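>>> structure, please.
(one chain, ligands or ions: 1)
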Amino acid sequence: MRAGITGTGHYVPEKVLTNFDLEKMVDTTDEWIRTRTGIEERRIAEDDMDTSEMAYRAAVNAMEDAGITAKDLDMIMVATVTPDTPFPSVACMLQDRLGANKVAAMDLSAACSGFMYGMVTAKQFIDTGVYKNILIVGVEKLSKITDWTDRNTSVLFGDGAGAAVIGEVSDDRGILSFELGADGSGGKYLYQDKDYLSMNGREVFKFAVRQMPESSVNVVEKAGYQREDVDYLIPHQANIRIMEAAREKLGIPEEKMATSVKKYGNTSAASIPIALSEGVKNGKIKEDDLVVLVGFGGGLTWGAVAFKYGR
Ligand code: UT7
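Numbers count the residues shown, from 1 in each chain. Next comes the predicted model:
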């Protein structure tokens, strides 16, 4: 047996904010946003829908897909930088809302790489046989820390949630390799300053176009495969130009890369699990496909996982 994904799910709010809407809010254009980032629209949660509510909806969806109920869970982890409150954690709120047993529940802070950190942590508990089913949710309500008067950041982000259940799968499938890393000296490039998110876009861009391709190749090689064996690549959905750098380094065609950044913008810790859940549901990810997930974000942090999909 090996640790792998046994279910996926996601939730995005209904309200759509287009680039044309943003033209009326800050000094920007649809053309600038599309050509510099690949983003066309993003989802914004209503005031009464906080992070834990989006997490709950994605979690229910993932548990249904895995064919388990809350009573089967052994642990809950939530990756987020926008919790409802600093504490109690979103994971504890979610445990209560789901009616799970009194299992371990914690939030995890690794910004946009949070889902990768969560998956790798979950894998350790499954591999050692300690736990059977771990729920991991990546969720953000970035709209509440976005300065809607700042064109440098307001055009980039969106809200949403993605979730996965990590459990035991057959030993020819599941998580084959991973890489996690951090460089705290780059913390100054992406952080929350009092109420709002603040970013040096150019520095983060330089870091990301170097790190994402490198980590993608590393996990493919560690898994014992060739770059072109990758069936589906899910890079953190931040900017299509950065994502393309990873795809080109692997040498795989466009249709083998998730591009939900177009419709959801950058949803930080939620971006990879949303794209994963969509990939499974729309049939882009099939049984036995070799899938690479790769993220980067504030910290600075990064993480990548290579797995064979299926139970
Ligand atoms: O999850 C991780 C989070 N962060 C990221 O992934 C961000 C990584 N960085 C990026 O994606 C890109 O650096 C940005 C999309 C943020 C910016 O793209 P860029 O090609 O690096 O543009 P730039 O920062 O070099 O700015 C070019 C120009 C500037 O004007 P000047 O100084 O050349 O006159 C900006 O003021 O574009 C201007 N600009 C805008 N213009 C219209 C910046 N934001 C906007 C805007 N609309 N929204």
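
>>> got the contact list for whichever residue of the chain sits closest to the ligand?
Using CB to the nearest ligand atom, the closest approach of the chain to the ligand is made by Gly201 at 2.9 Å. All C-beta atoms are positioned from the backbone trio N, CA, C, and that covers glycine. By CB atoms under 8 Å, 6 or more residues apart in numbering, the contact list for Gly201 reads Asn152.

>>> distance of it from Ile5?
32 Å (CB to CB, to the nearest Å).

>>> which ones are touching the residue nearest to Asp127 when sequence neighbours are not counted?
Using CB to CB, 6 or more residues apart in numbering and skipping the chain neighbours, the partner closest in space to Asp127 is Ala3 (5.4 Å). For Ala3, the contact set (CB under 8 Å, 6+ apart) comprises Ala122, Lys123, Ile126, Asp127, Ile166, Gly167, Glu168, Val169, Gly174, Ile175.

>>> what parts of the stretch 101-250 of the chain come near the ligand?
Applying CB under 6 Å from any ligand atom, we find that the stretch 101-250 of the chain lies next to the ligand at 112, 151-152, 155, 190, 199, 201-202, 204-205, 208, 238-239.

>>> out of those residues, which end up buried?
Cys112, Arg151, Val155, Leu190, Met199, Val204, Phe205, Ala208, Ala238, Asn239 (16 or more other CB atoms under 10 Å).

>>> a markdown table for the residues you listed, including pLDDT?
Below are those laid out as a markdown table (pLDDT from 0 to 100):
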| residue | pLDDT |
| --- | --- |
| Cys112 | 97 |
| Arg151 | 96 |
| Val155 | 98 |
| Leu190 | 97 |
| Met199 | 96 |
| Val204 | 97 |
| Phe205 | 97 |
| Ala208 | 97 |
| Ala238 | 97 |
| Asn239 | 97 |
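
>>> dump the residues you listed to JSON lines, plus secondary structure.
Shown next, in JSON lines, are these (DSSP: H, G, I helix; E, B strand; the rest coil):
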{"residue": "Cys112", "secondary structure": "helix"}
{"residue": "Arg151", "secondary structure": "helix"}
{"residue": "Val155", "secondary structure": "coil"}
{"residue": "Leu190", "secondary structure": "strand"}
{"residue": "Met199", "secondary structure": "strand"}
{"residue": "Val204", "secondary structure": "helix"}
{"residue": "Phe205", "secondary structure": "helix"}
{"residue": "Ala208", "secondary structure": "helix"}
{"residue": "Ala238", "secondary structure": "coil"}
{"residue": "Asn239", "secondary structure": "coil"}
